[in-house]
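Peer 1: Show me how the following folds:
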Amino acid sequence: MLREGLLGQWAEELNLPLRPEMVTPGSHRMVWWRCEHGHVWRAAVYSRSVCGT
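Peer 2: Residues are numbered from 1 along each chain as shown. Okay, here's the model as predicted:
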């Protein structure tokens with residue numbers, strides 16, 4: 001399960017049909033993220049959760 005701070009940045013509509021509960025923090029799957037300012041980018045789940053980027 002992803003930590004709460006990352007769940008808020010998960011770009012749900014861009015990642016469908018994938019949902020946050022379907023990935024693990026160590027996953028190297030590339031997914032879409034959105035910051036609080038609306039910027040959207042792709043990054044591996046691993047790099048966001050384990051490496052903290």
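Peer 1: Helices of this protein, start to end?
Peer 2: With DSSP state H as the criterion, the chain has helices at 4-7, 12-15, 45-49.
Peer 1: Could you tell me the average pLDDT over stretch 34-45, please?
Peer 2: Here stretch 34-45 scores 97 as its mean pLDDT.
Peer 1: what do you get for stretch 18-31?
Peer 2: Rounded mean pLDDT across stretch 18-31 is 94.
Peer 1: ok, C35 touching W10?
Peer 2: No. In this structure C35 lies outside contact range of W10 using Cβ atoms under 8 Å: 11.4 Å. All C-beta atoms are positioned from the backbone trio N, CA, C, and that covers glycine.
Peer 1: Pick out whichever of the two has more residues nearby.
Peer 2: W10 (19 against 11; other Cβ atoms under 10 Å).
Peer 1: out of everything not next to it in sequence, what's closest to the more buried one?
Peer 2: Once flanking residues are discounted, W10 sits nearest to P20: 5.1 Å by Cβ to Cβ, 6 or more residues apart in numbering.
Peer 1: Any idea how many residues pack against that neighbour?
Peer 2: P20, neighbours per other Cβ under 10 Å, totals 14.
Peer 1: separation between it and E36?
Peer 2: Going from P20 to E36 by Cβ to Cβ, to the nearest Å gives 17 Å.
Peer 1: tell me the contacts of the closest residue to S49 other than its chain neighbours?
Peer 2: If the residues on either side of it in the chain are set aside, S49 comes closest to P25, at 3.8 Å by Cβ to Cβ, 6+ apart. By Cβ atoms under 8 Å, 6 or more residues apart in numbering, the contact set of P25 is 1-3, 45-46, 49-50.
Peer 1: among the helices of the chain, where is the model least confident on average?
Peer 2: Within the helices of the chain, confidence is poorest for helix 4-7, with a mean of 88 (mean pLDDT).
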